[in-house]
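In: Sharing a sequence plus its predicted fold:
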Amino acid sequence: MIDTGLLLAARSGDRDALIQLLRDIEKPVYRTAIYILKNEQDALDAAQEALIRIYNKIHTYQEKAKFSTWVQRIVTNICIDHCRKKREQTVSIDEHDLLLQDPADVEGEVERGDTATEIRRAIDRLPEHHRSVIVLRYVQDFSYAEIAEALELPINTVKSHLFRARQQLQGLLQDYQKGGVRI
Amino acid sequence: MRCVEVMELMQRNLDGDLTKEEFHQLENHLFTCNECRELNDRFRQLSLDLETLPEVELPFSLVDAILPRMNNELAPTLELFKKEERKISKGMYWALGSSAAAVLVAAILWPWTNPQIPNKPGSHPENVIAAQKSEGFSLNKEASPTKDTTAIKEQDSTINHSSPTEQVEKRIDQPDTEMKNIASSPAPMTKTQMKEEPSEKGSTNEMALDAEVNRKSKENIALSNTEKAKPNRASVETKQALPEQLPSIVAAPDTTMKDHGSVAMAPAMKSYTLSLQDPLDQEFQHPSVLMAGGGGGSVAGAGSTNQQVTRQGIKYPSPGGKQTATILDQSVIVQNSQGVMVYQGHQFEPVQQVQIHWLDNQQLTYELYLPNGVERWRINLTKGQEQKE
């Protein structure tokens, strides 16, 4: 929970307050980044970029939006951009790998770990927008409205992304379990 | 109800989004449909697993990692504001400086270029300069900011309309009562009069300086009226002082000095007045700044430190510097040295200007210049109270 006084002070130009505010939000920012980007180094880079952007843009924050949703909008946008750039850079390699790999082997590679690991793996396989919605819903504990505000999407679109994401996750987890049985 | 329709209810149920009626519909369907019940169980388990995902620990503090960049490379938020403000302010300094210089040159050259105009008492070039300086640019604390602005407006109009000699005489003859309220004037103009003093000066020194300044100012006016052709000490002093004062026509108080590019040229100040042309909600849109000396003097009150027409976002420190007052979203906010808000005043209507006046470290008053009059409020931090006076 963000201290309103701290936020007001940060907005009015108190640098110490702004630094403290960044310290308070760095963990949720990083959590979103690591779940969307899958990779620690990318998440650290994206989270730092988000914090710097917040540092420079704090004066543009309007109280119309919740501060946490404003922050999450910044970090999810950075992460989605990051994914897009990365995909553009690696698309040819990925295509090559997919051609060489047997789908059965891919499933076989998924080790039967604990449930959390399986879920992490399943989340990683979701499309970015579905992943973002899942992360905001479960990692940040946002409501439909807050997710809609953070992602600048209509509530119905948010619901649609969320329901599809859960269906996909449920399907993937079932596959992992089957795969595990097969192994 | 069909299974496909129930799927949405299952999902919405996970988010606590069902009405009672919908919940009963779902339960009834699950009671009769094994397939949906199994799917519902799987969804519930998935949702539970997602809710209990392990905490992710940061390997190190990201803020600590980026702090050096913030200190060195990145402009802090307020700096960005101030840079924008400075850009405009610098332009204004130049405009004001140029206008003042043009007026000065015109005033010096006029008697020679128009020999048909007889020299009147006080019209000798030297005395004209002295009179101009004593009126327009002197360190006269008694002169009000508003009068000063009137003076510079007249100086501006001199270029096009009338002889500077006449203007000077007019100004000298003008009683102090001919003051205009610049803050309410629609003309987007500014002008400053400032008092020279070291930044850390105490009130005793301030008073002594004011007395000296007033004496010099009176001397200058007297000289111009008695047609002394010989330059005297006062006029020489003002001549030397003028070039230094021109660039600093728009100046800032001690607390904001460092925020303005040209402030380095200006002497440090303690009291000042800033005037906004626009309501406070248009923060930093039009940094037309009026600066006038004697701000502290115009607000009666023991121990007064600053009289300021405040601007949103800028901090106005208490005498001890431990608290700062800020205007934010049309209310006065007081923060402690850690930046934590210790008091927030009521939210006021859009105003032309607000004057904040710290009485001591625990009390401040502020005046709201509303369209229908002035309201004065007092904040007592010890009692945590705000009262209208």
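Out: Okay, I see it.

In: quick one: contacts for residue B:12?
Out: By Cβ atoms under 8 Å, 6 or more residues apart in numbering or on different chains, the contact list for residue B:12 reads A:159, B:18, B:22. All C-beta spots, glycine's among them, are computed from the backbone N, C-alpha and C.

In: and it, what element?
Out: Using DSSP states H and E, residue B:12 maps to helix B:3-14.

In: Let me see the mean pLDDT of the helix or strand following that helix.
Out: Proceeding N to C from helix B:3-14, the next assigned helix or strand is helix B:20-32, under DSSP H and E. Mean per-residue pLDDT for helix B:20-32: 93.

In: How about stretch B:47-55?
Out: For stretch B:47-55, mean pLDDT is 90.

In: Same question for stretch A:71-86.
Out: Across stretch A:71-86, the average pLDDT comes to 91.

In: tell me the centre residue of chain A?
Out: residue A:36 (3.3 Å; Cα atoms, centre = their mean).

In: which residues does it contact?
Out: Residue A:36 neighbours (Cβ under 8 Å, 6+ apart): A:43, A:46, A:76, A:79, A:80, A:83, A:128, A:131, A:132, A:135.

In: Identify each buried residue in stretch A:117-129, please.
Out: Going by neighbour count (16 or more other Cβ atoms under 10 Å in any protein chain shown), the buried part of stretch A:117-129 is A:118, A:119, A:120, A:121, A:122, A:123, A:126, A:128, A:129.

In: So for the second one, what's the pLDDT?
Out: It stands for residue A:119. According to the model, residue A:119 scores 89 on pLDDT.

In: thought it was touching residue A:169?
Out: Yes. Counting by Cβ atoms under 8 Å, residue A:169 is a contact partner of residue A:119 at 7.2 Å.

In: Find residues that contact each of the two.
Out: Here residue A:119 and residue A:169 share the contacting residues B:46, B:50, scored by Cβ under 8 Å, 6+ apart.

In: what residue ranges in chain A score low on pLDDT?
Out: A:1, A:90-113, A:179-183 (pLDDT under 70).

In: all strands of it, in order?
Out: Using DSSP state E, no strands are found in chain A.

In: how about the helices of it, start to end?
Out: A:4-11, A:15-37, A:40-57, A:67-100, A:103-109, A:115-124, A:128-134, A:144-151, A:155-182 (DSSP state H).

In: Tell me how far the nearest residue to residue A:72 once chain neighbours are set aside lies from chain B.
Out: Closest residue in space to residue A:72, ignoring its immediate chain neighbours: residue A:150 at 4.4 Å, by Cβ to Cβ, 6 or more residues apart in numbering or on different chains. Going from residue A:150 to chain B by Cβ to the nearest Cβ, to the nearest Å gives 16 Å.

In: Compute the distance between residue A:150 and residue B:376, please.
Out: 43 Å (Cβ to Cβ, to the nearest Å).

In: which residues does the residue nearest to residue A:72 contact?
Out: A:69, A:70, A:72, A:73, A:76, A:136, A:142.

In: I figured the fourth one hits residue A:146, correct?
Out: By that I understand residue A:73. No. Residue A:73 lies out of contact with residue A:146 (Cβ under 8 Å); the separation is 10.2 Å.

In: If anything else comes up later, I'll come back, but that's it for now.
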